[in-house]
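Visitor: here is my input; please provide its structure:
(one chain, ligands or ions: 1)
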Amino acid sequence: MPLKVHPDIASLVPYVPGKPIEELQRELSLPRAIKLASNENPIGPSPKALAVLAETASTLHRYPDGGAFRLRGALAERWKVTPDQVILGNGSDEILGLLARTFLSPGDEAVMAEHTFVIYKMEVKAAHGVAVEVPQKKWHHDVPAMAAAITDKTRLLFVCNPNNPTGTMATKAEVAALMALVPEHVVVVFDEAYYEYVRHPEFPESLSYVKGGRNVIVLRTFSKIYGLAGLRIGYGITTPEITNYLNRIRPPFNANSMAQRAALAALSDDAHVSASRTLNHAEMDKVRAGLRTLGFDALPSEANFLYFDVGRDGREVFDALLRKGIIVRHIEGRMLRVTVGLPEENQLFLSALQDVTRAAR
Ligand SMILES: *Cc1c(COP(=O)(O)O)cnc(C)c1O
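Guide: Residues are numbered from 1 along each chain as shown. Now for the predicted structure:
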């Protein structure tokens, strides 16, 4: 019997994650490899989070607290909302899926930028919706054009801010102009996975729209600055009405015990967050300057990665770097994305890139 798969699912391409370090070492018999591909925190997890894992391990025969009482309470306190405005996910990725399945009926539209986080399109299609991709302007979200793309069929609008993979941001004024035009039947998703890295004074306060009762959800994660990507935990802050709908399809134990406990500890580890920020900013400025010396002009970035044009097929440069044990990300065309790593890793990346691109000239 041939399988019967919905064409919306059959037409999807599996997400290709950044190659794990061990896999590359195995394939090329390299003594060492450096991963600058997935925007992880190069310092590692919060030591406070690590310290609570052993104590949580002894309770692993029990199901997690499905209501995540303590973590949701702590997040509510941190962001000055009520616990019923907080929803947790197995990574904020999972919440993107919950949003798509909750709000999209077949044929409904979700507006998003071109060159943005690929998971939006994947989840929208999987929910049988239509992804409306709005071209960017100089690698920035064209926010007025996104507002203009809203129709009666629009249910979701994604603003990835700062944007992955470009690192660029939408400003407070752009977001205010957008919010003045968005009708009530559209839920605006502000995906702020890199929020804690942002330096720019014009970054919007998206939570103010949630607090003002607008149909908005702000997504944040413990995978990036908190250094807990492997545990899979992210969260959304929205209205009680929206959490109520999302909770109807949320798998009851989607946030596991280790993740809940570690995230709670990491949330209070201000020293780890600020050390991570400081290192990222200093190193990002150095990598950007190093790239410029090599003749590559990276886009301005408010996140922990840089996006730049290598001037020729990015795939070739990506492969050549791989052979030198450096894993970056090739997204499309001539563009490469590199995560800011530790000082030594960044140096090795820059000198490998110099070798690779010089050899080709
Ligand atoms: C990394 C990332 C996420 C979150 O990932 P999770 O690990 O699932 O929390 C969400 N959005 C963007 C744009 C990201 O880059």
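Visitor: domain map for the protein?
Guide: Structurally, the chain divides into domains by automatic domain parsing as follows: 7-44+271-360, 47-269.
Visitor: quick one: buried residues of the helix or strand of the chain with the lowest mean pLDDT?
Guide: In the chain, the helix or strand scored least confidently by mean pLDDT, DSSP states H and E is helix 21-28, which has a mean of 83. Neighbour-count burial for helix 21-28, counted by 16 or more other Cβ atoms under 10 Å, picks out 21, 24. C-beta here means a position set from N, CA and C on the backbone, and glycine is covered the same way.
Visitor: before we move on, what about stretch 225-242?
Guide: Quick answer for stretch 225-242 (16+ other Cβ under 10 Å): 225-229, 231-239, 242.
Visitor: what does stretch 82-91 give?
Guide: Buried residues in stretch 82-91, defined by neighbour count with 16+ other Cβ under 10 Å: 83, 85-91.
Visitor: keep these, but drop any that are not near the ligand.
Guide: Intersecting the buried residues of stretch 82-91 with the contacts of the ligand gives Gly91 (criterion: Cβ under 6 Å from any ligand atom).
Visitor: now the two most distant members of the buried residues of stretch 82-91.
Guide: Checked with Cβ to Cβ, the buried residues of stretch 82-91 reach their widest spread between Pro83 and Gly91, with 20.4 Å between them.
Visitor: can you list the residue ranges for strands in the protein?
Guide: 34-35, 86-89, 109-113, 130-134, 154-160, 187-191, 216-221, 234-237, 305-309, 326-327, 329-332, 335-339 (DSSP state E).
Visitor: of all those strands, which one is nearest Asp8?
Guide: Using Cβ to Cβ, these put strand 130-134 closest to Asp8, at 9.7 Å.
Visitor: direction included, what does that closest one pair up with?
Guide: Applying DSSP bridges to the sheet, strand 130-134 is found paired with strand 109-113 (parallel).
Visitor: wouldn't Asp309 be in contact with Gly295 here?
Guide: No: counting by Cβ atoms under 8 Å, Asp309 does not reach Gly295; the two are 10.2 Å apart.
Visitor: just give me the closest of the buried residues of stretch 225-242 to the ligand.
Guide: Using Cβ to the nearest ligand atom, Gly234 comes nearest to the ligand of the buried residues of stretch 225-242, at 3.3 Å.
Visitor: nearest spatial neighbour of that closest one, skipping sequence neighbours?
Guide: Ser92 (2.9 Å; Cβ to Cβ, 6 or more residues apart in numbering).
Visitor: shaky segments in the protein?
Guide: Applying pLDDT under 70 to the chain flags the ranges 359-361.
Visitor: residue contacts, the residue in it that the ligand sits nearest to?
Guide: At 2.4 Å from the ligand, Gly91 is the closest residue in the chain, using Cβ to the nearest ligand atom. Gly91 makes contact with 221, 223, 232-234, according to Cβ atoms under 8 Å, 6 or more residues apart in numbering.
Visitor: filter the residues you listed down to the ones close to the ligand.
Guide: With Cβ under 6 Å from any ligand atom as the criterion, the members of the contacts of Gly91 in contact with the ligand are 221, 223, 234.
Visitor: let me have the residues you listed in TSV, extended by distance to Ala113.
Guide: Below are the ones next to the ligand among the contacts of Gly91 laid out as TSV (distance: Cβ to Cβ, whole Å):
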residue	distance to Ala113
Thr221	19
Ser223	21
Gly234	20
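Visitor: which member of those is positioned nearest Arg101?
Guide: Of those, the one sitting nearest to Arg101 (Cβ to Cβ) turns out to be Gly234, at 16.7 Å.
Visitor: show me the contacts for that closest one.
Guide: 88-89, 91-95, 193, 219-223.
Visitor: quickly check the residues you listed for the two that are furthest apart.
Guide: Greatest spacing in the contacts of Gly234, by Cβ to Cβ: Leu88 and Ala193 (14.7 Å).
Visitor: for stretch 97-106, which residues meet the burial criterion?
Guide: Of the residues in stretch 97-106, those buried (16+ other Cβ under 10 Å) are 97-104.
Visitor: ugh, wrong one, stretch 297-316
Guide: Neighbour-count burial for stretch 297-316, counted by 16+ other Cβ under 10 Å, picks out 298-299, 301-308, 310, 314.
Visitor: contacting residues for Glu192?
Guide: Glu192 makes contact with 161-162, 206, 218-220, according to Cβ under 8 Å, 6+ apart.
Visitor: and the residue nearest the centre of the chain, how far is that from Leu60?
Guide: For the chain, the residue sitting closest to the mean C-alpha position, by Cα atoms, centre = their mean, is Ala193 at 4.5 Å. To Leu60, Ala193 is 28 Å away according to Cβ to Cβ, to the nearest Å.
Visitor: ditto for Asn164
Guide: 33 Å.
Visitor: settle it for me: which of these two has more neighbours?
Guide: Regarding Asn164 and Leu60, a neighbour count based on other Cβ atoms under 10 Å identifies Asn164 as having more, with 24 against 11.
Visitor: what about the nearest residue to the more buried one once chain neighbours are set aside, neighbour count?
Guide: Leaving aside its sequence neighbours, Asn164 sits nearest to Phe117 (Cβ to Cβ, 6+ apart; 4.9 Å). Residue neighbour count, defined by other Cβ under 10 Å, stands at 18 for Phe117.
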